[in-house]
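K.L.:
Here's my sequence, what's the structure:
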Amino acid sequence: MSYPIDPELAGALAILPRMDFSDLPAARRQMKEQFTAAFDEPETDGVTVREELVPGSGGGPDVKVRVYTPDSVAAKSAILDIHGGGFIIGDVDIDHPANLRFARELGVVVVSVDYRLAPEAPYPSGLEDCYSALVWMDKHADELGIDPARIVVHGVSAGGGLSAALALLARDRGGPAIAFQFLAVPEIDDRLETPSMRAFVDTPIWNRPNTEFSWDSYLGAGVRGTEGVPIYAAPARATDLAGLPPAYISVMEFDPLRDEGIAYAQGLLAAGVTVELHLFPGTFHGSSMMQQATVSRREAAESLAVLARVLGVD
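P.N.:
Numbering: from 1, shown residues only. Below you'll find the predicted structure:
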């Protein structure tokens, strides 16, 4: 099927990675290689980068986090970044260029969590790793030079889904406060029943077959769409969204995840949670990687502007 994709994006479709998960280890290697080839080694000037092992929650294994500390601090706020990759691929290197930019241009500490991946470590492993990182940030706020009441959680795709789940989990556990949730193209609904999910079976980068594989890996074969899937696995299933932090949610026009993101924004609004929702026209899941396109530059600029506002640095 053809889609009226933004002409600037359509011209770059041929160079985009093909997500084939039939050989998952190979797909992970391919993604890392293609990502490395697509981006120059980012400059670390003005930012100190280090890695830490933080204690796992509930007796789980230690979790690696990467900490970005700007030389010039503009606010004691902080970002907890959760990378994307369908719960099954990726690591902190994916978000490394963006996190350097956030730390340098916003002047805040960024902590990126290297959570365990499915299917080797299915739900709730990755989410518990993210919770461990949040708890560590809260307990080590003085050392990090941050205000624990001003932590913003940020995630793209599956990272957006984990960010939404983390906000629910922290609320219900009475855990550390989250000041704001930035959910870019979030993957949050295992039921796969929305119009966009039914329609977009062959869209670039991400489509319904990839989403099916993603959820089957994360939840286990035969689990998606059944009763009893926890809200912390699939936040779209939550019926009580009251008391969650304010949110920014972005969706792409030709993305199977589009409608679940819109519905989640509407659910938050109905629960009295302040939400900003933006649908970018002519786009698809992952199109923001095509940084030469005008719409992608607009999206990147808006991300910085939104984060600057909620972090108190604008």
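K.L.:
Okay, now the unreliable bits of the stretch 201-314 of the chain?
P.N.:
Within the stretch 201-314 of the chain, the set of residues satisfying pLDDT under 70 comprises 314.
K.L.:
Where do the strands of it begin and end?
P.N.:
247-254, 275-284 (DSSP state E, counting those that start in this stretch).
K.L.:
Comparing those strands, which stretch has the densest surroundings?
P.N.:
For these, average neighbour numbers computed from mean count of other CB atoms under 10 Å are highest in strand 247-254, which has a mean of 24. Bear in mind the C-beta positions are built from the backbone N, C-alpha and C, glycine included.
K.L.:
what about that one, distance to the chain center?
P.N.:
Mean-position distance between strand 247-254 and its chain equals 12 Å (CA atoms, centre = their mean, to the nearest Å).
K.L.:
So what touches it?
P.N.:
3, 5, 180-186, 200, 203-204, 257-259, 261-262, 264-265, 268, 273-285, 287, 299, 306, 310 (CB atoms under 8 Å, 6 or more residues apart in numbering).
K.L.:
Just the buried ones from those?
P.N.:
Among those, the ones that count as buried by 16 or more other CB atoms under 10 Å are 5, 180-186, 200, 203-204, 257-259, 261-262, 264-265, 268, 273, 275, 277-278, 280, 282-285, 287, 299, 306, 310.
K.L.:
Among the residues you listed, which are located in helices?
P.N.:
Arg258, Asp259, Gly261, Ile262, Tyr264, Ala265, Leu268, Glu299, Val306, Val310 (DSSP state H).
K.L.:
Pipe those residues into CSV and attach distance to Ser132 per row.
P.N.:
As requested, these are exported to CSV (distance: CB to CB, whole Å):
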residue, distance to Ser132
Arg258, 31
Asp259, 32
Gly261, 26
Ile262, 31
Tyr264, 24
Ala265, 28
Leu268, 25
Glu299, 30
Val306, 26
Val310, 23
